[in-house]
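Asks: Here you go, sequence then predicted model.
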Amino acid sequence: MSLNEDNPEQLNIGTDGKEDAFKNFEGRTVEPPKKSKYGWLSYVLLAVAIGLGIWAMFGIAKDMGETQSFGSVIAGSDWRFALVLLAVILSILFCDWMKYAVIMKTTAGRCNLRTSLKVQLLGKFYDSVTPFAVGGQPMQIYYLHKKGFSGGISSAVVLIKYFTQMFCMCTVSLLLMAFNTGALSGIGDAKWQTTILVGAWIGIAANLFLPVMVLLFVLFPKFSHKLASLFISIGFKIRIVKDKEKAMAKAYKTVDDFRASFKIMSHKPLNFIALIVLCIAEVLLRFALPFFVMKMFSAFGAGDGGFQTLISVMALNVYATQSVAIIPTPGNSGAIESTGTIAFSAFITGSVLSWSVFAWRLSVYYIYIIIGLGIIVFEFIRKFVRRRRQNRQ
């Protein structure tokens, strides 16, 4: 049931009637991600963005009321909800890990849990340190290929996860935003309320653009072709698109990838259902995480901290996250800390607001950078030790 990482075998993919679907992915070459001699600059900019974000969240919270030291906040915390928060964080990690395990089992007929875990963590790390989260997928495909998976299998695993995750995330976000339009009213600042509201709908529209266009191409191919041609022609005229034919070919390739991905998963319906359940569970837990941070810090006090508050906090999380979706900094750092602080001020202010936002970002973003750096350092040391041993021999 597992793939030997030390002696990986090339995987056979023509099973379970999925040959036609896999033809869409096979024949793809996998090259190592290009390294720039100025790559270190991106890490400097990331550190600056994170630093500015943390400075902003504490500054905004201080303007809203008296703040407490970290020791005072910890002293007033509820350790029971600290355990609940830890369970939520681990559940998010587990759900994301199992997505890759399910997809690898479906596409390759086998998987290695250690490989799927590392694919998840590498993807999270490189998404976290690149603008618009574009670095994770190429690194994941390259890593899978190094472990013996064909270029087609490697691409299929990553793209199936992307398409399913994007549809589930957008669906949950849209529902929470649509049915909680008044969640931002507690901010008390009409300008910020309007800014976050408008920004969130722009962000969700940007995230929905690709899934909606793919569905339109599948359901209404002639109409979608004309619509895509119109958009690409406009982009060409204003010099955003350099090559119209290449842009159209890329659009059709995206649609073909989606069709092939869906066909592959449809041959294992139970696995497909499990993947969707894992995606929805992970999204819901991620959006709910700030609520458990606030409960841990006793942020609600004697006020209402029940189910309705949970849903409202989840909606605020979506509004804050989507409102900065088009900000090009890695992980939307700098902007999301500010909008998150303002959004969550609808329920808590001053003393624990800044620490709550910091704990939230640590749990869903900073932690993956820390883990990723740890993996990079570990791999560097392991390769160094291996070379030393080889030289001695």
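Replies: Sure, I can see it.
Asks: so what does the host helix or strand of residue 358 touch, helix or strand wise?
Replies: Per DSSP states H and E, residue 358 falls inside helix 353-361. In terms of contacts (3 or more Cβ pairs under 8 Å, 6 or more residues apart in numbering; DSSP states H and E), helix 353-361 is packed against helix 39-64, helix 269-296, helix 335-344. Every C-beta, even on glycine, is put in place using the N, C-alpha and C of the backbone.
Asks: winner for burial among these?
Replies: When these are scored by mean count of other Cβ atoms under 10 Å, the highest mean neighbour count falls to helix 335-344 (a mean of 26).
Asks: Are there helices or strands packed against that one, and which ones?
Replies: Secondary elements touching helix 335-344 (3+ Cβ pairs under 8 Å, 6+ apart): helix 39-64, helix 190-219, helix 269-296, helix 307-323, helix 353-361.
Asks: before we move on, the earlier item: buried residues, the helix holding residue 358. List them.
Replies: For helix 353-361, a neighbour-count test (16 or more other Cβ atoms under 10 Å) marks 353, 354, 355, 356, 357, 358, 359, 360, 361 as buried.
Asks: Spatially, which two of the residues you listed are the most separated?
Replies: 353 and 361 (12.9 Å; Cβ to Cβ).
Asks: quick one, phi psi at residue 76?
Replies: Backbone geometry at residue 76, expressed as degrees, to the nearest 10, gives phi -90, psi 10.
Asks: which residue packs closest to it, ignoring adjacent ones?
Replies: residue 298 (5.5 Å; Cβ to Cβ, 6 or more residues apart in numbering).
Asks: Can you report how many residues neighbour the one you found?
Replies: Number of residues near residue 298 (other Cβ atoms under 10 Å) recorded here: 16.
Asks: Also residue 310?
Replies: 17.
Asks: isn't it right next to residue 288, touching?
Replies: Yes: between residue 310 and residue 288 there is a contact at 6.2 Å, judged by Cβ atoms under 8 Å.
Asks: sorry, back to before: got the buried residues of helix 353-361 as CSV, with distance to residue 154 columns?
Replies: Compiled in CSV, the buried residues of helix 353-361 are given as follows (distance: Cβ to Cβ, whole Å):
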residue, distance to residue 154
353, 43
354, 42
355, 41
356, 39
357, 37
358, 36
359, 35
360, 33
361, 31
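Asks: What is the nearest of the residues you listed to residue 230?
Replies: residue 361 (39.8 Å).
Asks: And the pLDDT for residue 34?
Replies: Looking at residue 34, its pLDDT reads 68.
Asks: quick thing: my sequence starts at 304, can you match it?
Replies: Okay, residue one is now 304; in that scheme the one you just asked about reads as residue 337.
Asks: any idea which of the helices and strands packed on helix 638-647 scores lowest on pLDDT?
Replies: When I compare the helices and strands packed on helix 638-647, helix 342-367 is least confident, with a mean of 76.
Asks: Give me the angle between that one and helix 656-664.
Replies: Here helix 342-367 points in a direction 150 degrees away from that of helix 656-664 (axes from the mean of the first three to the mean of the last three Cα atoms, to 10 degrees).
Asks: could you point out which element follows helix 342-367?
Replies: Next along the chain from helix 342-367, counting by DSSP H and E, comes helix 373-378.
Asks: Need the CA coordinates for that following helix. PDB is fine.
Replies: Output of helix 373-378 as PDB, limited to C-alpha atoms (Å, rounded to 0.1, in the frame of the first residue of the first chain):
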ATOM      1  CA  PHE A 373       1.300  38.800  26.500                       C
ATOM      2  CA  GLY A 374       1.800  37.500  30.000                       C
ATOM      3  CA  SER A 375      -1.400  39.100  31.200                       C
ATOM      4  CA  VAL A 376      -3.300  37.700  28.200                       C
ATOM      5  CA  ILE A 377      -2.000  34.200  28.800                       C
ATOM      6  CA  ALA A 378      -2.900  34.500  32.500                       C
END
